[in-house]
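**Q** My questions concern the predicted model and sequence given below.
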Amino acid sequence: MTGFARVRRTIKQGEIIMSLKSVNHRGLDLHFHMPPELDALENDIRGAVKSRVARGHLQIHLSFNRTVASGSVPLNRPLLDAYMRAFAEASDLYRLDSKPDLNAALRIPGMLGIGTDEELGEDIAKAVLEVTAEAVTVLNVFREREGAAMAQEMRERSRRVCDLVARMEEIRAGALPAFHKRLRDKLADLLQSVNVDPQRLAQEAALLADRSDIAEELVRLRTHAAHLDGMLAGDGEIGKRLDFLLQEMNRESNTVLSKTGGLGDLGLTITDLALAAKSEIDKIREQGLNLE
């Protein structure tokens with residue numbers, strides 16, 4: 001699910017800013033963007049996010065702007081000296097008549113402010129993790145609103161599947177005798193020159209017809225749809241379980257399609273209904289990939 005959160009917190013050492021941006025993804029994919037001085041906290045931040053987010057492609061942006069007590073911004077002289085030497089060396093190497101841009105130099109990360117080799121301290125690390133927890137809370141509120149809307153759409157599509165199943169069950173009552181007759185006629189044509197007991201022939205035809213009946217598939221489709229509604233109404237992570245359930249529903253639809261060939265207009269009608277149910281299931285599955 002998509003979502004966005006930004007949290008700011010001011011502490012005596014400076015200001016912490018974290019932003020989280022989430023887009024749809026089958027698994028949990030975390031990407032960090034933060035200054036080198038905060039690299040040591042990446043594993044702790046990753047754990048805090050993973051404990052409350054199960055799916056999504058997350059961009060995690062974290063910055064820490066230190067407060068300068070003297071009121072002046074210190075200059076990283078070693079870094080500036082290295083920049084000037086590199087600029088002069090490149091100018092001589094390529095015979096360029098140019099001067100270094102001080103504005104560009106001052107925009108280099110770490111050029112202004114406290115050096116990145118300064119220890120963070122436990123209080124800063126604690127504050128960063130608190131900001132992370134708050135940002136994840138804000139993100140999940142955003143994602144829960146989207147998830148509720150998606151769940152409602154999925155319930156509506158599940159009800160359509162049940163309606164389609166009900167129509168197929170009505171048609172099945174008329175299609176089954178037609179299928180029995182088709183089988184008997186086909187067997188009679190094949191066995192014209194063979195003396196076969198008519199009662200045995202009828203039994204074999206009935207057996208073949210039962211194997212081609214779609215009653216069980218329709219019952220399972222209806223049961224799976226009810227289970228889907230129950231999962232959406234429950235708590236906790238359902239994304240992977242929902243994906244498996246929808247695979248089963250899709251399999252039942254495919255079986256119905258494979259069994260309704262050769263029944264004439266009744267079979268074509270059932271085929272159209274099964275295709276419509278399959279379309280609804282596929283759309284539910286597309287939405288389900290975004291849910292946790």
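**A** Sure thing, it's come through.
**Q** got a list of what residue 227 touches?
**A** residue 245 (C-beta atoms under 8 Å, 6 or more residues apart in numbering). In this view, the C-beta of every residue, glycine as well, is placed from N, C-alpha and C.
**Q** For the helix or strand hosting it, what is the distance to the chain centroid?
**A** Take DSSP states H and E as the rule and residue 227 turns out to sit in helix 215-233. Computed by C-alpha atoms, centre = their mean, to the nearest Å, the chain-centroid distance of helix 215-233 equals 22 Å.
**Q** Can I get that helix in CSV? Just the C-alpha atoms.
**A** What follows is helix 215-233, C-alpha atoms only, in CSV (Å, rounded to 0.1, in the frame of the first residue of the first chain):
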residue,chain,number,x,y,z
ALA,A,215,-21.4,-28.9,-8.4
GLU,A,216,-18.3,-29.4,-6.1
GLU,A,217,-16.4,-26.6,-7.8
LEU,A,218,-19.3,-24.1,-7.3
VAL,A,219,-19.6,-25.1,-3.6
ARG,A,220,-15.9,-24.6,-3.1
LEU,A,221,-16.0,-21.2,-4.8
ARG,A,222,-18.8,-20.1,-2.6
THR,A,223,-16.9,-21.4,0.5
HIS,A,224,-13.7,-19.6,-0.5
ALA,A,225,-15.6,-16.4,-1.0
ALA,A,226,-17.0,-16.6,2.5
HIS,A,227,-13.5,-17.3,3.8
LEU,A,228,-12.2,-14.3,2.0
ASP,A,229,-14.8,-12.0,3.7
GLY,A,230,-13.8,-13.5,7.1
MET,A,231,-10.1,-12.8,6.4
LEU,A,232,-10.8,-9.2,5.5
ALA,A,233,-12.8,-8.7,8.6
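**Q** Okay, buried residues for that helix please.
**A** 217, 218, 220, 221, 222, 224, 225, 227, 228, 231, 232 (16 or more other C-beta atoms under 10 Å).
**Q** would TSV of the residues you listed with pLDDT be doable?
**A** Below are the buried residues of helix 215-233 laid out as TSV (pLDDT from 0 to 100):
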residue	pLDDT
217	90
218	91
220	92
221	93
222	91
224	92
225	91
227	90
228	90
231	86
232	85
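**Q** Find the nearest non-adjacent residue to residue 8, please.
**A** Once flanking residues are discounted, residue 8 sits nearest to residue 17: 5.1 Å by C-beta to C-beta, 6 or more residues apart in numbering.
**Q** For the one you found, give me its contacts.
**A** Contacts of residue 17 by C-beta under 8 Å, 6+ apart are 6, 7, 8, 61, 62, 63, 64, 65.
**Q** so how far is residue 108 from it?
**A** 20 Å (C-beta to C-beta, to the nearest Å).
**Q** Name the spans of this protein whose pLDDT lies under the cut-off.
**A** For the chain, applying pLDDT under 70 flags the ranges 68-73, 113-119, 175-176, 178-212, 236, 261-264, 290-292.
**Q** how does it divide into domains?
**A** 3-72+122-144, 77-106, 145-288 (automatic domain parsing).
**Q** With residue 112 as the reference, name the closest of these.
**A** Relative to residue 112, the nearest member of the domains of the chain by C-beta to C-beta is domain 77-106, separated by 6.0 Å.
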